[in-house]
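Asker: Following is a predicted model, sequence given first.
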Amino acid sequence: MSVAGVVLGRVVEFEQGLPWRVVFPDIEHAGASGYLRELAVSDCSPATLRSYAYDLLRWFRFLHDRWTAWERAERSDVREFVELLREAPVPQRLNRRRDASPPGSVNPVTGKATLGSTYAARTINHQLSVLFGFYEWACASGLGPLMNPVPAQRSRATGGRLNAHHNPMDSFAIHQRATYRQKTPRPVWRAIPDDAADALFGALRSHRDRALVSFWLSSGARASELLSVCHGTDLDAGANTITVVSKGSRLRETIPASVDSFVWLALYLQQERPPIEHGGPVWWTRQGAPRPLTYHAARAVLQRANAALGSNWTVHDLRHTAAARWLADPAFTLFDVQTILRHASVSTTQIYSQPRLEDLVAKVLEHHARPRPTGPVMEPVYDEVAVRELLGLRA
C-alpha cells in the first residue's frame, strides 16, 4: 500500500460542500466523491462519510499495489483483499507502547481481551458492505464494471436481497452469510463491576475527569454525545438533565443524570475555570492553551486511570455499566432503559440484560452449597386407632 515507503492517498475534511473526500493518489478521487455525495444527500452523518472514505481509501491502496484500476476490479481481487485483511496487522496498532499488553491477550484485572493485531471480523464485513454499495452505485451510474465484484448477502428463501420487500406480518427468513463475510462474535456484556468502577473513579486525576465519568455512568450517554454538550443550552442542573445530539437520529434529546454529576461539574467549573460562554463547549483541555476536549483526549483520561490500575476499561464500557445498573433495579423496565439509551430496537437493549460471569459463578456455588432437599417419606407404622377412626370401623 505504499511506494518506496510513502503511503499513497489520504482522507481530507472540507468546510464547504462534501465534508469528507478521498484524495488518491494526489487528486480528489471522482468515483469516491460521487458515491460519498450520494450518501450525503441520503442524510448520512459526516461520521459515516468519514468512515466510508477510509474504507474506500484502503481499497484503492490495495488495488494500486496490484496495478489494477478500481473500474476493472474482479471477484478474485475482493477475495485476495479479504485474505490480506485477515492476516495484515492494523497500522495504528503497530505503534503501541512497549508496556502495553500484547494484542489478543486477556487483561488479568478486567478479564477482557485486548484488540488483536489484525482486522476484526466486523471491520472486514463493514469494509465489504461499503465496497458493495460503492460498486452498486458505480454500476448504476455506468462508471464501474458491468457486475458488482463484491458478493451480496442473499436470502435462502428468495435468493434476492436480504429482507427485500419484507412483509411485517411474516417472520424474517433465515439467511446465510454472503461469500467472504466473516463470522462475528455474539455481542457481549461489558459492564464494570461496582468495586472496579469505584477503583476507576478513584484513579482519576481532576474534577473534570470525575465529572466526565460521573455523567457517563449516570446518564448512559455515548462519549461523543457528552463531549458535544454546550453551556446555556444543554445543561439543566435544576431538572438533573442534559441534552445531547443522539448518534443515530441526530436529534436533540434530553436524558437524566445524577445529582453527583452536576456537583462534580460545578467543582470543575469553579476550580479549573475553563472558558465559559453561552453556546460554547463545556469540556476543555487542561494543559497548554485551552482547546475543546476531543474524543481521543477523553479516551486518554481512562487510559491514564487504566495504567494505574492495570486494567483496560473503555469509555463505552461506562455506557454498558449504566444500562446494567438500571436493568438490575426493579424500578426500571426494559422499555425505560431503551428510552434512556435511545436504542431504535429493544433487542439492542436486551444485550445489556445478559448476566455477568461473576454473578453466574456465585449462583452456581450457592446452588451446590445449599443442602439437598429430602423427598416426602411414609411413616414405617400406622396408628391403628387413627386408621380405624378414619375408616369408620368399630374398635
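Answerer: Arrived safely, thanks for sending. Just so you know, these numbers come straight off a predicted model, no measurement behind them.

Asker: need the contact list for the spatially most central residue of the chain.
Answerer: Per CA atoms, centre = their mean, the C-alpha nearest to the average position across the chain is that of His316, at 6.7 Å. Taking CB atoms under 8 Å, 6 or more residues apart in numbering, we find His316 in contact with Arg190, Arg222, Ala223. Bear in mind the C-beta positions are built from the backbone N, C-alpha and C, glycine included.

Asker: element containing it?
Answerer: Using DSSP states H and E, His316 maps to helix 315-328.

Asker: burial count for Glu225?
Answerer: 23 (other CB atoms under 10 Å).

Asker: Next: Ala324.
Answerer: 21.

Asker: so who does Trp20 touch?
Answerer: Val11, Val12, Glu13, Phe14, Leu36, Pro46, Leu49, Arg50, Ala53.

Asker: from what I can see Tyr295 touches Ser224, true?
Answerer: Yes. Proximity of Tyr295 to Ser224 meets the contact threshold set by CB atoms under 8 Å, at 5.8 Å.

Asker: Can you give me the distance of the residue nearest to the centre of the chain to Trp283?
Answerer: Taking CB to CB, to the nearest Å as the measure, His316 falls 17 Å from Trp283.

Asker: now Arg58
Answerer: 32 Å.

Asker: Could you do Val90 as well?
Answerer: 28 Å.

Asker: tell me which element Gly279 is part of?
Answerer: Per DSSP H and E, there is no helix or strand for Gly279.

Asker: quick one, what contacts the closest residue to it other than its chain neighbours?
Answerer: Spatial nearest neighbour of Gly279, chain neighbours left out: Cys230 (5.3 Å); criterion: CB to CB, 6 or more residues apart in numbering. Neighbour list for Cys230: Gly279, Gly280, Pro281, Val282 [criterion: CB under 8 Å, 6+ apart].

Asker: quick one, phi psi at Cys230?
Answerer: For Cys230, the backbone dihedrals are phi -130, psi 160 (criterion: degrees, to the nearest 10).

Asker: What of Ala239?
Answerer: According to degrees, to the nearest 10, Ala239 has phi -90, psi 0.

Asker: that older thread, could I have the helix holding His316 exported to PDB, CA atoms only?
Answerer: The C-alpha trace of helix 315-328 is given here as PDB (Å, rounded to 0.1, in the frame of the first residue of the first chain):
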ATOM      1  CA  VAL A 315     -15.300   4.800  27.600                       C
ATOM      2  CA  HIS A 316     -18.100   2.700  26.100                       C
ATOM      3  CA  ASP A 317     -17.900   0.300  29.000                       C
ATOM      4  CA  LEU A 318     -19.300   3.100  31.100                       C
ATOM      5  CA  ARG A 319     -22.500   3.200  29.000                       C
ATOM      6  CA  HIS A 320     -22.800  -0.600  29.400                       C
ATOM      7  CA  THR A 321     -22.400  -0.100  33.200                       C
ATOM      8  CA  ALA A 322     -25.200   2.500  33.400                       C
ATOM      9  CA  ALA A 323     -27.500   0.200  31.400                       C
ATOM     10  CA  ALA A 324     -26.700  -2.800  33.600                       C
ATOM     11  CA  ARG A 325     -27.400  -0.900  36.800                       C
ATOM     12  CA  TRP A 326     -30.800   0.300  35.600                       C
ATOM     13  CA  LEU A 327     -31.800  -3.200  34.500                       C
ATOM     14  CA  ALA A 328     -30.800  -4.600  37.900                       C
END
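
Asker: could you give the mean pLDDT of it?
Answerer: Averaging pLDDT along helix 315-328 gives 93.

Asker: Past that helix, which element shows up next along the chain?
Answerer: Downstream of helix 315-328 (by DSSP H and E), the next one is helix 334-341.

Asker: re the thing from before, please identify which of the contacts of His316 is nearest to Tyr180.
Answerer: Arg190 (28.1 Å; CB to CB).

Asker: That closest one against Arg319, yeah?
Answerer: No. Checked against CB under 8 Å, the pair Arg190 and Arg319 is beyond contact range at 9.1 Å.

Asker: ok, those two, which is more surrounded?
Answerer: Taking neighbours as other CB under 10 Å, Arg190 and Arg319 compare with Arg319 leading, 23 against 20.

Asker: Excluding chain neighbours, give the residue nearest to that one in space.
Answerer: Gly220 (5.2 Å).

Asker: contacting residues for Thr114?
Answerer: Ala100, Ser101, Pro102, Pro103, Gly104, Ser105, Val106, Asn107, Asn312.

Asker: can you tell me which of the contacts of His316 are in helices?
Answerer: Residues of those located in helices (DSSP state H): Ala223.

Asker: I'd like the contacts of His316 as TSV, with pLDDT and distance to Ser214 appended.
Answerer: Output for the contacts of His316, formatted as TSV (pLDDT from 0 to 100; distance: CB to CB, whole Å):
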residue	pLDDT	distance to Ser214
Arg190	81	19
Arg222	95	15
Ala223	94	14
